[in-house]
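1. Fold the following, please.
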Amino acid sequence: MNLIKKSAWLMTFAFLLACVFSCAEKEEEEITSESMSGTIVYDIPYYVLKGETVTMSASGIIYPKEVIYKWYIPGVYADTLSARKVSVRFPDSLGVFNVTAISLAPGFYISSTTQNVTTVDTTWNTSLSGLYKSRLTFTDPRDGHTYRYVQAGGLDWFSQNLAWQGTGVPFQSSPATAQMFGSFYTWEEASAACPEGWRLPTQADWESLAAAMSGGVSVGFFDDWKGLGAKASADARLNGERMWPYSPDNLHSNSLGWNAIPLGFGAKDSNDVQGLNEYGCWWTSEEKNADQAYYRYIYYDLDSFPLGFASKDELRVSVRCVRTHPQSL
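-> Numbering: from 1, shown residues only. Presented below is the predicted three-dimensional model:
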């Protein structure tokens, strides 16, 4: 065997040997690594106030008992944080920050999650911009929260979603968003959530709103409300980013100042939001049957404002409160 052939053979042998050891090590790793017992839960908010300090935690692992938790938050901390529970002060600026949480233990597979956290400023027309600012206000005596409202056909309508936290849940379970986005409620919760003197809109209330947006033309409750979705919705932005995707079929003229925004919808037993930036949904007081009730919704790619219906105690959507204008009584 000449020198060149011998060298080639040795290199081939070394490569095969390395593969054998690599495969053996991988097989041994797969054999010795275990999955952690329990379902790990990372408590990370989707939204926080700018400059706010929030506590984030990890829990749910039953075995092994000794678990190391690490937190990576670029743009907030240069170093890794190591603790089951950490207090994090977010920057005093608007932005989106990536939070990665990891749980690890020797001989066990790693568990991790990554979530974006958005910092917001709830001052009017700051983080949430593009809304009509009515001069008419009402302060809820239950919690001191002040709402803006608009007048239409002898009725006063909230031009913001109800944010009372005595029931329901804040949008994406982030209290920082309540002032801007309000809370999500089941129909059962919504039926008793409006302040004293205000109510969940009835069929007649909604028809009155439709007539006001249609220049006095009568519109039926069960109609699709063609063109009224565009008139009820605002071309709002969150930290400068458009909330409704652009569509030539819905340019969001917001002619009445009702300020509809696309927060989607949720379920009673979940913090997940579906239809975010695509749908806006609001309960009516009208029941379809013993188990279901009607809600109105706007879809970003249509100019209508039709009806849907869902389980009274499963779907969670936004609420607009209404009252008969005091001077009309």
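2. how does this protein divide into domains?
-> 37-120, 128-328 (automatic domain parsing).
3. Mean pLDDT for the ones you listed - can I get that in TSV?
-> Putting those into TSV (pLDDT from 0 to 100) gives the following:
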stretch	mean pLDDT
domain 37-120	94
domain 128-328	95
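4. which one of the ones you listed is the most hemmed in?
-> Mean neighbour count, computed with mean count of other Cβ atoms under 10 Å, is highest for domain 128-328 among these, reaching a mean of 18. (Each C-beta comes from the backbone N, C-alpha and C, glycine too.)
5. what's near enough to touch the residue nearest the centre of the chain?
-> Centroid-nearest residue in the chain: Gln172, 3.9 Å away (criterion: Cα atoms, centre = their mean). Contacts for Gln172 (Cβ atoms under 8 Å, 6 or more residues apart in numbering) come out as Tyr46, Tyr47, Asn271, Val273.
6. Am I right that the third one is in a helix?
-> No: with DSSP: H, G, I helix; E, B strand; the rest coil as the criterion, Asn271 is assigned coil and is not in a helix.
7. that older thread, closest one to Gly264 out of the contacts of Gln172, please.
-> Closest to Gly264 out of these is Val273 (4.7 Å), distances taken as Cβ to Cβ.
8. who's that closest one bridged to?
-> According to DSSP bridges, the residues that bridge with Val273 are Gly266.
9. mind checking how far it is from His252?
-> 20 Å (Cβ to Cβ, to the nearest Å).
10. ditto for Ser129
-> Relative to His252, Ser129 is positioned 13 Å away (Cβ to Cβ).
11. Need the residues touching each of these two.
-> Ala236.
12. who touches the nearest residue to Pro141 once chain neighbours are set aside in this structure?
-> Among residues not flanking Pro141 along the chain, Pro195 sits closest, at 7.1 Å (Cβ to Cβ, 6 or more residues apart in numbering). By Cβ under 8 Å, 6+ apart, Pro195 lies in contact with Phe138, Asp140, Pro141, Arg142, Trp164, Cys321.
13. Looking at those, spot the one nearest Leu155.
-> Closest to Leu155, out of all of the contacts of Pro195 and judged by Cβ to Cβ, is Cys321, at 10.6 Å.
14. Surely the closest one touches Gln160?
-> No: with contact defined as Cβ atoms under 8 Å, Cys321 and Gln160 do not form a contacting pair (9.7 Å).
15. Against Ser233, how distant is Ala212?
-> For Ala212, the distance to Ser233 - Cβ to Cβ - is 15 Å.
16. again, but for Leu81
-> Counting by Cβ to Cβ, the gap from Leu81 to Ser233 is 41 Å.
17. circling back to that earlier point, mind listing the shared neighbours of Cys321 and Gln160?
-> Tyr147.
18. Tell me the secondary structure at Gln179.
-> helix.
19. What residues does the residue nearest to it when sequence neighbours are not counted make contact with?
-> Ranked by Cβ to Cβ, 6+ apart and with sequence neighbours excluded, the top spatial neighbour of Gln179 is Thr122, at 4.3 Å. Counting by Cβ under 8 Å, 6+ apart, Thr122 makes contact with Leu49, Leu128, Ala176, Gln179, Met180.
20. same question, Arg84
-> Contacts here follow Cβ under 8 Å, 6+ apart; on that basis Arg84 touches Ser57, Ala58, Ser59, Val67, Tyr69.
21. Which ones among these map onto strands?
-> Secondary structure from DSSP state E places Ser57, Ala58, Ser59, Tyr69 of those in strands.
22. Leu256 versus the residue nearest to Arg148 when sequence neighbours are not counted, what's the distance?
-> Closest residue in space to Arg148, ignoring its immediate chain neighbours: Ser134 at 4.3 Å, by Cβ to Cβ, 6+ apart. Separation of Ser134 from Leu256 (Cβ to Cβ): 10 Å.
23. Which residues are in contact with each of these two?
-> Val150.
24. Contacts for the helix or strand containing Arg148, please.
-> Using DSSP states H and E, Arg148 sits within strand 146-152. With Cβ under 8 Å, 6+ apart as the contact definition, strand 146-152 has outside contacts at 132-134, 136-140, 156-160, 162-163, 208-209, 212-213, 256-258, 321, 325.
25. partners of that strand in the sheet?
-> When DSSP bridges is applied, strand 146-152 pairs with strand 137-139 (antiparallel), strand 155-158 (antiparallel).
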